[in-house]
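K.L.:
coordinates only, sequence not included:
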């Protein structure tokens, strides 16, 4: 199973079209981002303390829901 970060990277785009693409671009540039994590609590805690690039945690929650749905499709 791939980490949340690796899932998020599929949304990277040179010209972000939406909030998730912007989040992906910013997470890519965040060298402290927990790249190997697949745990919601670890990721949300990190972003609450260091995710100054997120306008709202709802962007993370939306991306997390998409990540969870993709994992369920793989089962």
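P.N.:
Perfect, thanks for sending it. Owing to the predicted nature of the structure, the values given are computational and were not obtained by experimental measurement.

K.L.:
hmm, who's touching the top helix by length along the chain?
P.N.:
Ranked by number of residues, the top helix in the chain under DSSP state H is helix 57-74. Contacts to helix 57-74, defined as C-beta atoms under 8 Å, 6 or more residues apart in numbering, come from residues 1, 4, 7-8, 11, 19-20, 22-24, 40, 43-44, 47-48, 51, 54. All C-beta spots, glycine's among them, are computed from the backbone N, C-alpha and C.

K.L.:
next step: these restricted to helices.
P.N.:
Checked against DSSP H, those include these in helices: 4, 7-8, 19-20, 22-24, 40, 43-44, 47-48.

K.L.:
now tabulate these in JSON lines and tack on distance to residue 60 and neighbour count.
P.N.:
Output for those, formatted as JSON lines (distance: C-beta to C-beta, whole Å; neighbours: other C-beta atoms under 10 Å):
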{"residue": "4", "distance to residue 60": "9", "neighbour count": "24"}
{"residue": "7", "distance to residue 60": "12", "neighbour count": "19"}
{"residue": "8", "distance to residue 60": "9", "neighbour count": "25"}
{"residue": "19", "distance to residue 60": "10", "neighbour count": "17"}
{"residue": "20", "distance to residue 60": "9", "neighbour count": "19"}
{"residue": "22", "distance to residue 60": "12", "neighbour count": "18"}
{"residue": "23", "distance to residue 60": "7", "neighbour count": "23"}
{"residue": "24", "distance to residue 60": "11", "neighbour count": "20"}
{"residue": "40", "distance to residue 60": "9", "neighbour count": "14"}
{"residue": "43", "distance to residue 60": "7", "neighbour count": "23"}
{"residue": "44", "distance to residue 60": "7", "neighbour count": "15"}
{"residue": "47", "distance to residue 60": "6", "neighbour count": "20"}
{"residue": "48", "distance to residue 60": "9", "neighbour count": "11"}
